[in-house]
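> Need coordinates for the below:
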Amino acid sequence: MRGIGYFALAALLGFNVDVAAGHSLDGANEAYLSFDFDGASNTFDAISADTAATPADREEALRRLALITWRIRGDFSGARRLLDRAAAIGADPFQNALARSRELREAGKLAAAREAGQRALQLANSAESREGAALELGRTALRHLAATPLAQLTAADRAELRLALDALRPVFADSPTIAEIASLTFKLAIRAGDGPLALTAWRSFVRRDSAGMNGTPLADADRILAQCLPAYSGKTSAELVHALIAARFFEEGVLLADLLHLRGAEIADARAYQRFLRAVQASTDRYYQHTAQGRNEESAWQRELEALARAAWKAFAFDDARPAFSNDAFFAEIARRFGAVMNIGQTSGHLDLHMGHAFIDRTERIAQFGRSAELRFVALDWMVSDGYESWVWDGAQAHGGWNRPDVIYQVRPAYSDGPLRRWRALTDPAERGKREARIAAAEADDAALAAKDPAGYLPGVALRLGWLGLNQLLDAQRARYGDGAELKAHFIAAYEESVLRTSIFIHEGRHVLDKREFSGARELQSEELEFRAKLSELEFAENPRLEISSVFSELLGADTPHGRAAHRIVQGMLAWAVAHAAQIKGLDTSRAIQPQLVLLSDEQWHQAAAALDPWANEVH
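Predicted structure coming up:
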């Protein structure tokens, strides 16, 4: 498997703080992300015992050390002792309660995990911290009640559902919200018989209205959910059961089917498949933990997955005689029945699993410079596994997807909350102020950096260009839809579509066209392929500054195909700007040019990129 790239999901792993004796949280976190678990543990341990370190740093080191202790080493009691030490410091009681809730849940101590989650909710003093605490309570409730038949829910079970949903419900006052919160709330609301909340959570999860779901693999399921959920209060229908299964919520569909005593091939298949998914996830997580411990269990894990697949194959209903089992036949069958994509292969030297379910499956015709081709894009969600590295990184980074000659797969959870974070940065006054101050501070250093390398990476330029693109997108949506409650959803949908079109159908589409035209002895090298694809982004994107990090990022100028290609583009852009200075309003050629690229209009970005593109010059 070849990754499209890694995406930083959240800044969960430390701060920019150095402490005595050369130890730093950043250094320890970097060691962890590089799979040096012993090195990370030793540094966290040293920081936790360092009297020169701040209490907040010592406490954070203990929480990180506890995570390694239970998650990598499987030592829950040892992790609990470390969390006790963190709690005794008391610098951040909220984070301590949150970490304790997670550890207890993973250890199977659900009552204690719930209590710690409630404490975290009581301590939460911001929208973000309340979201975190609500998510913990919801995870614990789902862990407890996931497979409990709805007819067997006790009064205590229903009280736990109410507790979790009461914590989660306020998050939807400003929907859409975090994708995991939306998915989790949907599952709990179905169990609680709260159809209106389930529908709100579904809309937040898919980030689209019914019209926007047309043409997706979930269109029919979405239509039925929209019809059935407003009146759903626990009394279900066969139609809703089928919609839940079609919407990839297999467990919830089976639970409602059992409530109705529904039988039939679809229900039996969904039951067998859900059993398979649970077993695969448990087996794979155990294998990843053992891999992190240095144990080589590749063969045993593969045998276990094949045995699980064979058992599911035997349980599936077939119209005709059951075909002979093979891994390829099984993968094809679960793709047809459930929209599943299951790949077992080597990623960065580790045998691992990438498995999810199709959320988007879209084919478009790519047309650039008189050439055309079809490109298929599949966005996966409901992930069972996103590979060993993503498991280790634990939300700090994740595999973003992979390519095949005729299709591009994207791991949707790696990207789904990016638009939400950008919306908050744009619209929350405090966040907006922080972002603008950060950009201004970075810009102050750009001139000195440009003196060393006029086409090198300038943090201020990169941040400012991206910020301009985001504001331009927001202004366009505001002009179209107004400033009402729907603006957020429209912005998120427009952002997702813009990034999809630019990064996939323009960038990857150019790769398809180039590889088709230049093959064999004429095959283009990676640097040239990236050079041309990045140019296409700038030429054809409606908003070329949006997510301009394809060119203007820390990789600019690095000794890699991406870095060298980006450097060539910036050099060409600077030369174009000087040659066209009279047409660029406000440009001063006596000053460094790169910081002034913010003055270019959309059309000038298109023209400057086209001037560097061999195909554009061939056409003109």
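> Which of the residues in the lengthiest strand in the chain are classified as buried?
Longest strand in the chain by number of residues, with DSSP state E as the criterion: strand 350-368. For strand 350-368, a neighbour-count test (16 or more other C-beta atoms under 10 Å) marks 350-362, 366, 368 as buried. For every residue, glycine as well, the C-beta is placed using N, CA and C.
> Can you classify residue 345 as helix, strand or coil?
Counting by DSSP: H, G, I helix; E, B strand; the rest coil, the backbone at residue 345 sits in strand.
> do you know how far it is from residue 302?
Taking C-beta to C-beta, to the nearest Å as the measure, residue 345 falls 11 Å from residue 302.
> shared neighbours, the two?
residue 351 (C-beta atoms under 8 Å, 6 or more residues apart in numbering).
> How about residue 340, nearest residue that isn't a chain neighbour?
residue 334 (4.1 Å; C-beta to C-beta, 6 or more residues apart in numbering).
> Tell me if that neighbour really is in a helix.
Yes - assigned with three-state DSSP, residue 334 falls within a helix.
> Count the residues that sit near residue 481.
14 (other C-beta atoms under 10 Å).
> quick one: the residue most central in space within the chain from residue 287, how far?
Residue closest to the mean C-alpha point of the chain, counted by C-alpha atoms, centre = their mean, is residue 414 at 1.4 Å. To residue 287, residue 414 is 21 Å away according to C-beta to C-beta.
> ditto for residue 439
44 Å.
> cool, residue 389 as well?
Distance from residue 389 to residue 287, by C-beta to C-beta: 14 Å.
> Show me which of the two is the more surrounded one.
Each of residue 389 and residue 287 has its neighbours counted (other C-beta under 10 Å); residue 287 has more, 24 against 20.
> In which helix or strand does residue 60 reside?
helix 55-67 (DSSP states H and E).
> how about the strands of this protein, start to end?
Per DSSP E, the chain carries strands over the ranges 6-7, 340-347, 350-368, 371-386, 398-399, 401-404, 407-411.
> Can you report how many residues lie near the nearest residue to residue 136 once chain neighbours are set aside?
In space, and not counting its chain neighbours, residue 136 is closest to residue 117: 4.2 Å by C-beta to C-beta, 6+ apart. Counted with other C-beta under 10 Å, the neighbours of residue 117 add up to 30.
> Tell me, what's the model's pLDDT at residue 117?
On the pLDDT scale, residue 117 is placed at 98.
> Verify the stated contact: it with residue 140.
Yes - here residue 117 lies in contact with residue 140, judged by C-beta atoms under 8 Å, at a distance of 5.7 Å.
> pLDDT averaged over the helix holding residue 60, what's the number?
For helix 55-67, the mean pLDDT works out to 98.
> show me what contacts residue 203?
Taking C-beta under 8 Å, 6+ apart as the definition, contacts of residue 203 comprise 175, 176, 209.
> Break the chain down into its domains, please.
In terms of domains, the chain is parsed into 270-414, 418-619 (source: automatic domain parsing).
> Distance to residue 109 added to those, as JSON lines?
Below are those laid out as JSON lines (distance: least, C-beta to C-beta, whole Å):
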{"stretch": "domain 270-414", "distance to residue 109": "18"}
{"stretch": "domain 418-619", "distance to residue 109": "32"}
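> As a markdown table, these with distance to residue 23 and mean pLDDT would be great.
A markdown table is the format used below for the domains of the chain (distance: least, C-beta to C-beta, whole Å; pLDDT from 0 to 100):
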| stretch | distance to residue 23 | mean pLDDT |
| --- | --- | --- |
| domain 270-414 | 19 | 95 |
| domain 418-619 | 24 | 95 |
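> Determine which of those approaches residue 79 most closely.
For these, proximity to residue 79 was assessed by C-beta to C-beta; domain 270-414 is nearest, at 13.5 Å.
> thinking again about what came up before, just confirm the residue nearest to residue 340 contacts residue 342, I think it does.
Yes - under the criterion of C-beta under 8 Å, residue 334 makes contact with residue 342 at 6.5 Å.
> Looking at these two, which one has more neighbours?
Of the pair residue 334 and residue 342, residue 334 is the one with more neighbours under other C-beta under 10 Å, namely 23 against 20.
> Got the confidence number for the closest residue in space to residue 267 that isn't next to it in sequence?
Leaving aside its sequence neighbours, residue 267 sits nearest to residue 257 (C-beta to C-beta, 6+ apart; 4.6 Å). Confidence at residue 257, expressed as pLDDT, is 97.
> just the one 5 residues further on next, same as before
What the model reports for residue 262 is a pLDDT of 94.
> Looks like it contacts residue 241 (just checking).
Yes - shown here, residue 262 and residue 241 form a contact pair, counting by C-beta under 8 Å, at 6.1 Å.
> neighbour-wise, which of those two wins?
Counted by other C-beta under 10 Å, residue 262 and residue 241 do not tie: residue 241 has more neighbours, with 25 against 17.
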